[in-house]
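Enquirer: Test case, fold it:
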Amino acid sequence: MQSSLLTPAGLGGVTWLVTPGGASNRFETALASGADIVLLDLEDSVPAEAKAGARDGVLTFVSAHARRPGGPLLGIRINAADTAEGLRDVVAMADLSLWPDLVVVPKAEYGRDIAAVVRAVRRARSATKVWALIESPQGVVGLPSIMRVPGLAGVLFGAADYAAAAGCGLTSRAMWYPRSQLVTAAAAAGLPAVDSPYFFLDDQDGLRRDALEAVELGFAGKVAVHPRQLKVIAEAFTPGSREVEEARAVLAAAARADGAITTAGGAMVGPPLVKAAARTVARRASQQ
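Expert: Okay, the predicted model is just below:
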């Protein structure tokens, strides 16, 4: 299942698995799950009184497993950058020089929320990539300033917090606008966007529909909240045989036309369709 998909930022993957930072007994299972990225969460899944212990456990695990060849990338979702716990997370990583492969900054609403973490990473001369988690209406409105932060590696969408803040339903239709805004802003900045988890664990059909919609919208990957969701997500983001055959036919027709407009399978073939076909073939190759 694990892919080697590279994003424009040079770091990313189709399947992300988020694991509570206080559940250290689940860390090894997460690493062995086949996810492209394992994200240990210090924010929403950890109650206030357990933050310090979870931070210690996560950083101990990171010190032993980050940047290991052949395994998934290992990330940490810190607490919000404008909170005391978020500052403690960053200071602890800096003081101990224990930086994961990536850091996800939640509740991002302004460029400054990300810039401070990027500066900390740069001062440490770490290869850690910083991602912004957009999960509020203000975060969507603030996307232009967030995307202008030098060193930002990508963005993720948090549907549950967004729905709660906007007072809307946690449904596909209600999420069309913020998801489209996120993908559009990311594409304009040349960065990858990763879609929110699907929270209904026993609804595999719903997960498949949601993941396919994420592909259609232009997301580069999707977060899972349980290992059993990973296979469905990976399959949704892997182009099917027929889709790949059609893409290859487009590329072949374009090659024969030597730059001129032509047709393939009854459809016009021009530069945009050639670019899309090349992307489809590359996606299939990277996920095999």
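
Enquirer: All the helices of the protein, in order from the start?
Expert: 27-31, 51-65, 84-96, 111-123, 137-141, 143-147, 159-166, 172-189, 204-217, 230-237, 241-257, 271-286 (DSSP state H).

Enquirer: Kindly provide the whole-number mean pLDDT of the fifth one.
Expert: Predicted confidence along helix 137-141 averages 98 (mean pLDDT).

Enquirer: Out of the helices of the chain, which is the most enclosed?
Expert: Among the helices of the chain, helix 230-237 has the highest mean neighbour count (mean count of other Cβ atoms under 10 Å), at a mean of 21. For every residue, glycine as well, the C-beta is placed using N, CA and C.

Enquirer: which strands and helices sit next to that one?
Expert: strand 15-20, helix 204-217, strand 221-224 (3 or more Cβ pairs under 8 Å, 6 or more residues apart in numbering; DSSP states H and E).

Enquirer: quick one: the second one to chain centroid distance?
Expert: Between the centre of helix 204-217 and the centre of its host chain there is 15 Å, according to Cα atoms, centre = their mean, to the nearest Å.

Enquirer: Could you export it as CSV, CA atoms only?
Expert: Written as CSV, here are the backbone C-alpha positions of helix 204-217 (Å, rounded to 0.1, in the frame of the first residue of the first chain):
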residue,chain,number,x,y,z
GLN,A,204,-16.6,1.8,4.1
ASP,A,205,-18.8,2.7,1.2
GLY,A,206,-19.1,6.3,2.5
LEU,A,207,-15.3,6.4,2.9
ARG,A,208,-14.8,5.3,-0.7
ARG,A,209,-17.2,7.9,-2.0
ASP,A,210,-15.5,10.6,0.1
ALA,A,211,-12.0,9.6,-1.0
LEU,A,212,-13.0,9.5,-4.7
GLU,A,213,-14.5,13.0,-4.3
ALA,A,214,-11.2,14.1,-2.8
VAL,A,215,-9.4,12.7,-5.9
GLU,A,216,-11.8,14.5,-8.1
LEU,A,217,-11.3,17.8,-6.3
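
Enquirer: could you say what helices and strands that helix packs with?
Expert: helix 172-189, strand 193-195, strand 221-224, helix 230-237.

Enquirer: Same list (these) but as JSON lines, adding distance to Ile76 and mean pLDDT.
Expert: As requested, those are exported to JSON lines (distance: least, Cβ to Cβ, whole Å; pLDDT from 0 to 100):
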{"stretch": "helix 172-189", "distance to Ile76": "21", "mean pLDDT": "96"}
{"stretch": "strand 193-195", "distance to Ile76": "15", "mean pLDDT": "98"}
{"stretch": "strand 221-224", "distance to Ile76": "14", "mean pLDDT": "97"}
{"stretch": "helix 230-237", "distance to Ile76": "20", "mean pLDDT": "95"}
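
Enquirer: Redo these as JSON lines? Include distance to Leu207.
Expert: What follows is the helices and strands packed on helix 204-217, written out as JSON lines (distance: least, Cβ to Cβ, whole Å):
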{"stretch": "helix 172-189", "distance to Leu207": "12"}
{"stretch": "strand 193-195", "distance to Leu207": "11"}
{"stretch": "strand 221-224", "distance to Leu207": "9"}
{"stretch": "helix 230-237", "distance to Leu207": "5"}
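
Enquirer: Please identify which of the ones you listed is closest to Pro20.
Expert: Closest approach to Pro20 among the helices and strands packed on helix 204-217 is made by strand 221-224 (13.5 Å; Cβ to Cβ).

Enquirer: Would you point out which residue is most central in this protein?
Expert: Val194 (3.3 Å; Cα atoms, centre = their mean).

Enquirer: Can you tell me the closest non-neighbouring residue to Ala189?
Expert: The spatially closest residue to Ala189, leaving aside those adjacent along the chain, is Met147, at 4.2 Å (Cβ to Cβ, 6 or more residues apart in numbering).

Enquirer: residues contacting that neighbour?
Expert: By Cβ atoms under 8 Å, 6 or more residues apart in numbering, Met147 lies in contact with 155, 185-186, 188-189, 191.
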